[in-house]
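Chemist: please find the sequence and the predicted model below.
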Amino acid sequence: MKLDTFFDNFSLLADASNGVQKLREMVLQLAVQGKLVPQDLKDEPASILLERIKAEKERLIKEKKTKKPKPLPPINPDEMPYKLPVGWEWVRLGQISEVLMGNSPPGNTYNDSGDGVPLINGPVEFSNGDFGRTIKSKFTTKPTKLCKEGDLLICVRGSTTGRTNIADFDACIGRGVAAIQTHIFQEYSNWFMVHVRELVFSLGTGSTFPSISYDKLVGLVCPLPPYVEQKRIVAKIDELMALCDELEVRKQQVSKNCIQLNDASIHKLLTVREPTKFKIHWQRICENFDLLYSKPENVNKIRQAILQLAVQGKLVPQDPKDEPASILLEKIMAEKERLIKEKKIKKAKPLPPLEAYEIQYQLLNGWEWTQLSAIGLINPRNEIDDETEVSFVPMKLVPTILGDRVESEIRQWGDIKKGFTHFSEGDVALAKITPCFQNKKSTVMRGLKNGSGAGTTELHIFRPINDLIISEYVLLYLKTPNFIREGVFKMTGSAGQKRVPKTYFSETPFPLPPTNEQKRIVAKVDELMDLCDELEASILKSQTDCDRLMEAAVAEILAA
């Protein structure tokens, strides 16, 4: 990719991961290699500039305005990472600048009342390719090392080592700051120090509180262009950095607009009551899928909306031939009474009636509000021979993603029947402890060894009374945003050990559709989640393509 093509594709390259930041870095890399602007053979070469700087330094030493520094070592070939254009020179920072290391004044001389000299004591802030500006917040009556207005400031201690700033005023600089007073074009020097920020940080010594010494700072190797070319380079950098600013603002605005449009569309889906209007809003989303779901965060939002719509009965059409949930509840009640009579289960305490304020929304015809305790068993126990091999599921193997298969370890029942939660094939498991609950660790236990198992004690288990309750539908409800949000509010216990109460799990109002409709809902959710997977894969591919284009552009230009 030629340089002109690179500039033509600037906006496209910005779409890569951290594209704008990579463009900023690329601009500076091209600048210091002499590839950002054309050379002019009429420019006075950097070697002449170096002679003038040397003469000026000798004059200042002779007039005792500065001290004679230690001689700098010659630059070795292995310190030159690339070939420079004609007229450029490799130099050390100390050859072209005066470097002043800060020294903090006595602590008892600090104040914030404006008495004395402004104090800049680090960290020096730097962000997104723009130089920060110093603020007069502290003053000292006994200044030590003084910088001048316009000096380039750089952090030399701590985690902010390498960050840059510009001195807006004469000030005292503390121990964590150095001032660079350059003899070349100031803005070129400034941008170069931004470019080598990570390198400067790496030169720091000390693992817990790194710092860079004076010798390492003045010994930093720099590419020096002719003075006039420095000005052209800075003008081009400023132009391209301004374009990066525009691209960043544009990307943020596009992303914001997309998120707002998506949020508004989903809100309408979740709140509209009339089936006709719901179909209109849903169709609108389907027609604008590529626009609405070009961001991974938006795809996650539609996943959550799909779950909520599923348990509201808005995803699939109803069939008047389906046996209503009221009949389903009667059959479950009869089955429970039979199991109690046969002493296969114990008679449970009567459930408290559902209050009107607990009902979240109006159900469709044929649906009923109920509770998990009314349609199944909560935290049941298994009766199995001790020698039987079964599945063991620790918390780390409980899936968070809907549709993910449960992994397990194989154990003998006698080894795990005590001290663990019991479950059987088709049971629904919900992690009850923070942060697993918030992370939606919940699943239907499928593929268990010999149809049984046990696992972490931090689970609530629901076992349907009969096959009229589809476990996968129950799981959809347990993963809905509303259920999770309300469950977090109901958690009890100390920080880091909060748990969802059994009563919340078992007695929260549960929207029960006819059995056949449960199956249709589960099938539709699976279909839509597959579509979301395809969207995410498409977004990832598009992002990867942009990243590869950026990498290819960088490699081709820098190798030229």
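Modeler: Happy to help now that I have it.
Chemist: which ones are touching residue 210?
Modeler: Counting by CB atoms under 8 Å, 6 or more residues apart in numbering, residue 210 touches 157, 158, 159, 161, 201, 204. In this view, the C-beta of every residue, glycine as well, is placed from N, C-alpha and C.
Chemist: top of these by neighbour count?
Modeler: With neighbours taken as other CB atoms under 10 Å, the top of the contacts of residue 210 is residue 161, carrying 25 neighbours.
Chemist: would you check that it makes contact with residue 209?
Modeler: No. At 9.6 Å, residue 161 does not count as touching residue 209 under the criterion of CB atoms under 8 Å.
Chemist: so, low pLDDT: which residues of the stretch 51-200 of the chain?
Modeler: Judged by pLDDT under 70, the stretch 51-200 of the chain has its weakly predicted residues at 122-135.
Chemist: where along it do the strands fall?
Modeler: In the stretch 51-200 of the chain, the segments counted as strands under DSSP state E, counting those that start in this stretch are 89-92, 97-101, 110-111, 117-120, 126-127, 130-133, 138-140, 145-147, 152-155, 164-166, 171-173, 177-182.
Chemist: by contact count, what packs against the first one?
Modeler: Spelled out, it's strand 89-92. helix 46-62, strand 221-224 (3 or more CB pairs under 8 Å, 6 or more residues apart in numbering; DSSP states H and E).
Chemist: so how many other residues sit close to the closest residue in space to residue 477 that isn't next to it in sequence?
Modeler: Of all residues not flanking residue 477 in the chain, residue 311 sits nearest, at 5.0 Å (CB to CB, 6 or more residues apart in numbering). For residue 311, the count of nearby residues is 27 (other CB under 10 Å).
Chemist: does residue 530 count as helix, strand or coil?
Modeler: Classification of residue 530 using DSSP: H, G, I helix; E, B strand; the rest coil returns helix.
Chemist: could you check the helix or strand containing residue 391 and say which residues are buried?
Modeler: Secondary structure assigned from DSSP states H and E places residue 391 in strand 389-393. For strand 389-393, burial by neighbour count (16 or more other CB atoms under 10 Å) applies to 390, 391, 392, 393.
Chemist: dump the residue contacts of the second one.
Modeler: The contact partners of residue 391, taken as CB under 8 Å, 6+ apart, are 406, 408, 409, 410, 411, 445, 447, 448, 449, 452, 453, 455.
Chemist: ok so, going back, looking at the helices and strands packed on strand 89-92, which one is packed in the most?
Modeler: strand 221-224 (a mean of 21; mean count of other CB atoms under 10 Å).
Chemist: show me what that one is packed up against.
Modeler: Helices and strands touching strand 221-224, by 3+ CB pairs under 8 Å, 6+ apart, are helix 46-62, strand 89-92, helix 93-96.
Chemist: could you chop the chain up by domain?
Modeler: Using automatic domain parsing, the domain parsing of the chain gives 44-225, 340-513.
Chemist: okay, the ones you listed in JSON lines with distance to residue 261 next?
Modeler: Formatted as JSON lines, the domains of the chain follow (distance: least, CB to CB, whole Å):
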{"stretch": "domain 44-225", "distance to residue 261": "27"}
{"stretch": "domain 340-513", "distance to residue 261": "19"}
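Chemist: and of those, who's closest to residue 235?
Modeler: For these, the distance to residue 235 is smallest for domain 44-225, at 9.1 Å, taking CB to CB.
Chemist: show the end-to-end separation of that closest one, please.
Modeler: 10 Å (CA to CA, to the nearest Å).
Chemist: and that domain, how far out from the chain middle?
Modeler: In terms of CA atoms, centre = their mean, to the nearest Å, the centre of domain 44-225 is set 34 Å apart from its chain centre.
Chemist: picking up where we left off before, closest one to residue 102 out of the buried residues of strand 389-393, please.
Modeler: residue 393 (58.5 Å).
Chemist: can you lay out the contacts of residue 391 as a markdown table showing secondary structure and pLDDT?
Modeler: Converted to a markdown table, the contacts of residue 391 look like this (DSSP: H, G, I helix; E, B strand; the rest coil; pLDDT from 0 to 100):
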| residue | secondary structure | pLDDT |
| --- | --- | --- |
| 406 | coil | 93 |
| 408 | coil | 94 |
| 409 | strand | 95 |
| 410 | strand | 96 |
| 411 | strand | 96 |
| 445 | coil | 97 |
| 447 | coil | 95 |
| 448 | coil | 96 |
| 449 | helix | 96 |
| 452 | strand | 96 |
| 453 | strand | 96 |
| 455 | strand | 96 |
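Chemist: coming back round to it: enumerate every residue touching the residue nearest to residue 477.
Modeler: Residue 311 neighbours (CB under 8 Å, 6+ apart): 476, 477, 480, 511, 521.
Chemist: and residue 402, by the same measure?
Modeler: Residues in contact with residue 402, defined by CB under 8 Å, 6+ apart, are 303, 307, 475, 476, 479, 525, 529.
Chemist: quick one: the fifth one and residue 360, what's the gap?
Modeler: In this case it means residue 479. Separation of residue 479 from residue 360 (CB to CB, to the nearest Å): 16 Å.
Chemist: more neighbours, those two?
Modeler: residue 479 (24 against 15).
Chemist: ok, the more buried one to residue 525 distance?
Modeler: In terms of CB to CB, residue 479 sits 10 Å off from residue 525.
Chemist: overlap in contacts, these two.
Modeler: 307, 402.
Chemist: list the buried ones in stretch 523-534?
Modeler: For stretch 523-534, by 16+ other CB under 10 Å, it's 524, 525, 528, 529, 531.
Chemist: so the first one sits in a strand?
Modeler: No. Counting by three-state DSSP, residue 524 is not part of a strand but helix.
Chemist: that one reaches residue 314, doesn't it?
Modeler: No. Using CB under 8 Å, residue 524 makes no contact with residue 314, being 10.2 Å away.
Chemist: strands of the stretch 251-400 of the chain, start to end?
Modeler: All strands of the stretch 251-400 of the chain, identified by DSSP E, counting those that start in this stretch, fall at 368-370, 376-378, 389-393.
Chemist: state the mean pLDDT of the last one.
Modeler: So the one you mean is strand 389-393. Average pLDDT, strand 389-393: 97.
Chemist: chain center to it, what's the gap?
Modeler: The answer for strand 389-393 is 36 Å, by CA atoms, centre = their mean.
Chemist: and if you look at the first one?
Modeler: Taking the mean C-alpha point of strand 368-370 and that of its whole chain, the gap between them comes to 39 Å (CA atoms, centre = their mean).
Chemist: and for the second one?
Modeler: Relative to its chain's centre, strand 376-378 lies at 39 Å (CA atoms, centre = their mean).
Chemist: show me the contact partners of that strand.
Modeler: By CB under 8 Å, 6+ apart, the residues outside strand 376-378 that reach it are 345, 372, 460, 461, 462, 463, 464, 465, 469, 502, 505, 506.
Chemist: PyMOL command for the buried members of those residues?
Modeler: Buried subset of the contacts of strand 376-378, written as a PyMOL selection, criterion 16+ other CB under 10 Å:
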select buried, resi 372+460+461+462+463+464+465+469+505+506
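Chemist: in helices only, show me the contacts of strand 376-378.
Modeler: 372, 502, 505, 506 (DSSP state H).
Chemist: can you tell me how far the nearest residue to residue 455 once chain neighbours are set aside is from residue 441?
Modeler: Counting by CB to CB, 6+ apart, residue 393 is the residue found nearest to residue 455 once chain neighbours are left out, at 3.5 Å. From residue 393 across to residue 441, the span is 11 Å (CB to CB).
Chemist: and the helix or strand harbouring residue 248, what does it pack against?
Modeler: Assigned by DSSP H and E, residue 248 falls within helix 227-271. Packed against helix 227-271 by the contact rule (3+ CB pairs under 8 Å, 6+ apart) you find helix 10-13, helix 19-32, helix 186-195, helix 275-287, helix 289-292, helix 296-311.
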